[in-house]
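J.: Next come a sequence and a model predicted from it.
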Amino acid sequence: RNLKRKIHYFRSAIGFTVDESRDLFLSTPQILTLGVATGLAPRIKFLTKEMCIPMPDVRSMVMRNPRIFTYSLNENLRPKLINFFIMRLSMEPKHVLKVLKSYPLFLDYSLDNHMMPMAQYFWSEVGLSSIELRSMILKFPRLITYSLYKLKYVVGYLRFEVGLNANQVKRVLFQAPQVVGLNKDNLKNKVEFLRDMFALTSSEVQKVISGMPTLLICSTENNLTPKAKYLFEAFDNNEEALKEAIVVQPTLLGYSLEKRIMPRMKKLKEKGISVRKITVAITLKEEKFEIWLSSRKTEEEERMSTLKRKPVRRKTRVGKVLIKEEAHPIQQQGRDEVKIVEDKKGRIVSW
């Protein structure tokens, strides 16, 4: 009779099917020991009323982590969701919902022994604010499930082996918190790939990584290597020119190869514009890019413009005085020669 009442509650109040209820009972038998009025109903009320989580999302979360029903309301769920997320990290209910929907298994981790030590390290050692840590968790909910040891290793590697300063480390972790989840070899291989592929110096590696931290979480085989090969071809294998472009604009490697890099490079070449200008072209939205493209000069026009801007030296003798002048050819066209006279006091006056 007690079991029937629980199954009825799961079906009528929560909305699980018979098969879903059976799967939950088999995966987490402890649920069967909970009373409806004293165990299940208070937790459902807390999630739907206090945390404002829609019932369909509650069902989805419970299916992924049935242990939610077994956690103490006052010693587990409220301290984590309200005290830590809402009060300490200034999250709103919609933020908490996003984290729970993305990775409900984070509730399995101890608040005092795991989450708080991680948060304290981010605050005191990395220098992040509560709002910044909130943004990182929303971006990568699994962040707070990794060990403190792993976090310290990543920070130490970036700080002392790659050579980033404290602000650069903070930027990398804030922009790409997934870096914490990389294993040691993976992280090291990404850094070495960027260094070796583009022949970067240590300072250039630091500039590229801090300029575009998400490069560390891109696949070298499926993402970075194809982009590097294409760019080398586009730059006619001019390693120095490509290296300069990557250092000046590290985000170049972050854009989609098929949807952004190739189409922009193609239009530059069709217009006769230097491929070096990709550092500017790649960052513009489509409408602004077209406006920018139509206003640009070709390489030949740029070269001729540069030649015209070169000053022309001319010597003019007035009596015993030899005067050296500089004039731009483009400024001299259609004008009379500069007139120079000597006034009564012997000064040279020109107009």
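T.: Perfect, thanks for sending it.

J.: Going by C-alpha atoms from here, please, whenever you check contacts or count neighbours.
T.: Fine.

J.: What ranges in the stretch 201-350 of the chain fall below the confidence cut-off?
T.: For the stretch 201-350 of the chain, residues meeting the criterion pLDDT under 70 lie at 297-350.

J.: do that again at 90, thanks
T.: Confidence mapping of the stretch 201-350 of the chain against pLDDT under 90 gives the ranges 294-350.

J.: quick one, strands of it?
T.: For the stretch 201-350 of the chain, the strands defined by DSSP state E, counting those that start in this stretch occupy 312-318, 321-327, 340-342, 348-350.

J.: where exactly do the helices run in the stretch 201-350 of the chain?
T.: Assigned by DSSP state H, counting those that start in this stretch, the stretch 201-350 of the chain shows helices spanning 202-211, 225-234, 239-248, 262-271, 278-281, 286-295, 299-309, 329-332.

J.: do the stretch 1-150 of the chain as well
T.: 2-9, 18-27, 41-45, 55-64, 78, 93-102, 116-121, 130-139, 148-156.

J.: The ones you listed: which one's closest to Q206?
T.: helix 148-156 (14.0 Å; Cα to Cα).

J.: Okay, buried residues for that closest one please.
T.: Neighbour counts over helix 148-156 (16 or more other Cα atoms under 10 Å) mark L151, K152, V154, V155 as buried.

J.: can you list the residues you listed in JSON lines and add pLDDT and distance to L32?
T.: Formatted as JSON lines, those follow (pLDDT from 0 to 100; distance: Cα to Cα, whole Å):
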{"residue": "L151", "pLDDT": "96", "distance to L32": "38"}
{"residue": "K152", "pLDDT": "96", "distance to L32": "41"}
{"residue": "V154", "pLDDT": "96", "distance to L32": "42"}
{"residue": "V155", "pLDDT": "96", "distance to L32": "44"}
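
J.: my guess is W123 contacts E132, does it?
T.: No. Between W123 and E132 there is no contact under Cα atoms under 8 Å: 9.5 Å.

J.: The residue nearest in space to the middle of the chain: what's it in contact with?
T.: The chain has Q175 as the residue nearest its centroid, 4.4 Å off, counting by Cα atoms, centre = their mean. Contacts for Q175 (Cα atoms under 8 Å, 6 or more residues apart in numbering) come out as M136, P213, T214.

J.: Using CSV, please lay out those together with neighbour count.
T.: Listed next are those as CSV, based on neighbours: other Cα atoms under 10 Å:
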residue, neighbour count
M136, 21
P213, 24
T214, 19
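
J.: Relative to E240, which of these is nearest.
T.: P213 (22.4 Å).

J.: gap between stretch 275-294 and the chain center?
T.: With Cα atoms, centre = their mean, to the nearest Å as the basis, stretch 275-294 stands 21 Å off its chain's centre.

J.: distance between the ends of that stretch?
T.: Using Cα to Cα, to the nearest Å, the end-to-end distance of stretch 275-294 comes out at 15 Å.

J.: And the contacts of that stretch?
T.: Residues contacting stretch 275-294 (Cα under 8 Å, 6+ apart): 234-235, 241-242, 245, 248-249, 252, 255, 260-261, 264-265, 268-269.

J.: one more time with 7 Å, if that's ok
T.: The contact list for stretch 275-294 (Cα atoms under 7 Å, 6 or more residues apart in numbering) reads F235, A245, Q249, L252, I261, R264, M265, L268, K269.

J.: Then stretch 147-164?
T.: Under the contact criterion Cα under 7 Å, 6+ apart, stretch 147-164 has outside partners M118, N165, V169, V180, Q206.

J.: quick one: A228 from M197, how far?
T.: From A228 over to M197 the distance is 8 Å, taken as Cα to Cα.

J.: go on, T28?
T.: Distance from T28 to M197, counting by Cα to Cα: 50 Å.

J.: returning to that earlier point: out of A228 and M197, which sits in the more crowded spot?
T.: Using other Cα atoms under 10 Å as the criterion, A228 and M197 rank with A228 on top: 18 against 14.

J.: List the residues that contact that one.
T.: Neighbours of A228 in contact, by Cα under 7 Å, 6+ apart: none.

J.: Looks like P104 contacts M63 (just checking).
T.: No. Counting by Cα atoms under 7 Å, P104 does not reach M63; the two are 9.8 Å apart.
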